[in-house]
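1. This is the structure alone, sequence omitted:
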Ligand code: GLC
């Protein structure tokens, strides 16, 4: 490794240590076998034991990108396992239970077809599969690309009930940002961390998890920014991998819808839109900044997000990483909260999504500062689920696999 390739604030031996420890984590979390119900073989990285034993869609995308630095065959196996969990109509689940179904204590909190014995949830996760297939591969495989495209088609068909070009989610954890305070105002007593969330899951179960039926009979659905950013990124990736211009047109349509509907001119933030009235959810969390990752968002909109948010000491410029909630929000909670996540701490995938945009816009020093702060925290504390943005204290799950995405950033 040349010294020039090491981000400021780190030395070459840091990067070597980071890579080697990252590899240890993904190796330790690697799981293979055959599903008992139908003998289907699987190979994936579980996020962290003992808490997260299953396969999650967006986690697997991040794992595959990390694996591509060590062993591309495992990256491919992980994504093929994810695709194998899907249905022929293009649906891909949020969580897949390969080894064994969720235990009776956890099972009621998973949005499955039946409470016990399900092999997967009926819900979605941020659809990053095309991004991961391209970044970790790409592997030239028409059938696999067809399946990835079918998932994006399924989302367009099933998750845009009002046809305005923005996908809806019906449960907070479909965003990957389960307990984010932005969902408190929308889901109230049914929020992901409240006991009544099981009633909301039951309601969705009765309606067959159909976004159309759920939207027709209530207000508990959101056009969520991060899911739409992931969707547009995947559409762009499909356009590049297939040379088929219709994917790029669809990506541009989502970007236009975000600009026209989610962008709040007053603050420059992209807000989720809740319920049939599409009420902007005016809570500043990192998903409000996620459109920075999209190529079709104009530079002036991006620069405003950077200057007024990411680099503002009152908002998102913290000593370590990028806080998941603006430090200015009353709900901002930087430390570990046993029952709730995404309410303040810095996660590695946030930096992974936003830092490349900083680099592209010429904020190199800030990009390196953010990466080095997280890398130092990971070297000191291990690959943890998230870090305290004030001092980098490692929090929640240990050996958390997507935090190894740092190898893709340094
Ligand atoms: C937590 C995170 C979610 C992630 C899951 C598995 O629930 O909020 O984003 O997919 O853990 O790691």
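-> Everything's here; your move. The structure displayed is predicted, hence computed values, not measured ones.
2. how about the residues of the stretch 1-150 of the chain near the ligand?
-> 47, 52, 56, 58-59 (C-beta under 6 Å from any ligand atom). Every C-beta, even on glycine, is put in place using the N, C-alpha and C of the backbone.
3. for the stretch 251-400 of the chain, that is, sorry about that
-> Residues of the stretch 251-400 of the chain found near the ligand (C-beta under 6 Å from any ligand atom) are residue 341.
4. All the helices of the stretch 251-400 of the chain, residue numbers only.
-> In the stretch 251-400 of the chain, the helices defined using DSSP state H, counting those that start in this stretch lie at 299-305, 348-360, 364-381.
5. so of those helices, which one's packed in deepest?
-> helix 348-360 (a mean of 22; mean count of other C-beta atoms under 10 Å).
6. Give me the helices and strands touching that one, please.
-> If contacts are counted by 3 or more C-beta pairs under 8 Å, 6 or more residues apart in numbering; DSSP states H and E, helix 348-360 sits against helix 57-67, helix 364-381, helix 406-409.
7. which stretches of the stretch 1-150 of the chain have low pLDDT?
-> For the stretch 1-150 of the chain, the stretches flagged by pLDDT under 70 are 1-5.
8. any idea how far the closest residue to residue 37 other than its chain neighbours lies from the ligand?
-> With sequence-adjacent residues excluded and distances taken as C-beta to C-beta, 6 or more residues apart in numbering, residue 37 is closest to residue 119, at 5.9 Å. Here residue 119 is placed at a distance of 17 Å from the ligand (C-beta to the nearest ligand atom, to the nearest Å).
9. Okay, strands next: where are they in the stretch 151-300 of the chain?
-> Per DSSP state E, counting those that start in this stretch, the stretch 151-300 of the chain carries strands over the ranges 222-223, 273-274, 279-280.
10. could the ones you listed go into CSV alongside mean neighbour count and mean pLDDT?
-> As requested, the strands of the stretch 151-300 of the chain are exported to CSV (neighbours: other C-beta atoms under 10 Å; pLDDT from 0 to 100):
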stretch, mean neighbour count, mean pLDDT
strand 222-223, 26, 98
strand 273-274, 22, 98
strand 279-280, 16, 98
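11. could you pull out the helices for the stretch 51-200 of the chain?
-> Under DSSP H, counting those that start in this stretch, the stretch 51-200 of the chain gives helices at 57-67, 72-84, 129-136, 142-158, 182-187, 197-206.
12. For residue 244, find the nearest of those.
-> The closest of those to residue 244 is helix 142-158. By C-beta to C-beta, the value is 8.6 Å.
13. Tell me how far the closest one lies from the chain's centre.
-> On the basis of C-alpha atoms, centre = their mean, to the nearest Å, helix 142-158 sits 18 Å off its chain's mean C-alpha point.
14. Then stretch 292-307?
-> Counting by C-alpha atoms, centre = their mean, stretch 292-307 comes out at 19 Å from the chain centroid.
15. pLDDT averaged over that stretch, what's the number?
-> Per-residue pLDDT over stretch 292-307 has a mean of 98.
16. And stretch 350-361, by the same measure?
-> For stretch 350-361, the per-residue pLDDT averages 98.
17. Give me the contacts around that stretch.
-> 62, 229, 286, 289-290, 292-293, 299, 302-303, 306, 310, 321-322, 324, 364, 366-367, 370-371, 374, 405, 408-409 (C-beta atoms under 8 Å, 6 or more residues apart in numbering).
18. Next up, the contacts around the residue in the stretch 301-410 of the chain that the ligand sits nearest to.
-> As assessed by C-beta to the nearest ligand atom, the ligand sits closest to residue 341 within the stretch 301-410 of the chain, at 5.1 Å. By C-beta under 8 Å, 6+ apart, the residues touching residue 341 are 178-179, 385-386, 396.
19. ranking these by neighbours, who comes first?
-> Ranked by neighbour count (other C-beta atoms under 10 Å), the contacts of residue 341 have residue 386 at the top, with 27 neighbours.
20. Enumerate every residue touching it.
-> 324, 341, 345-347, 395-396.
21. want to throw those residues into JSON lines with pLDDT?
-> Converted to JSON lines, the contacts of residue 386 look like this (pLDDT from 0 to 100):
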{"residue": "324", "pLDDT": "98"}
{"residue": "341", "pLDDT": "97"}
{"residue": "345", "pLDDT": "98"}
{"residue": "346", "pLDDT": "98"}
{"residue": "347", "pLDDT": "98"}
{"residue": "395", "pLDDT": "98"}
{"residue": "396", "pLDDT": "97"}
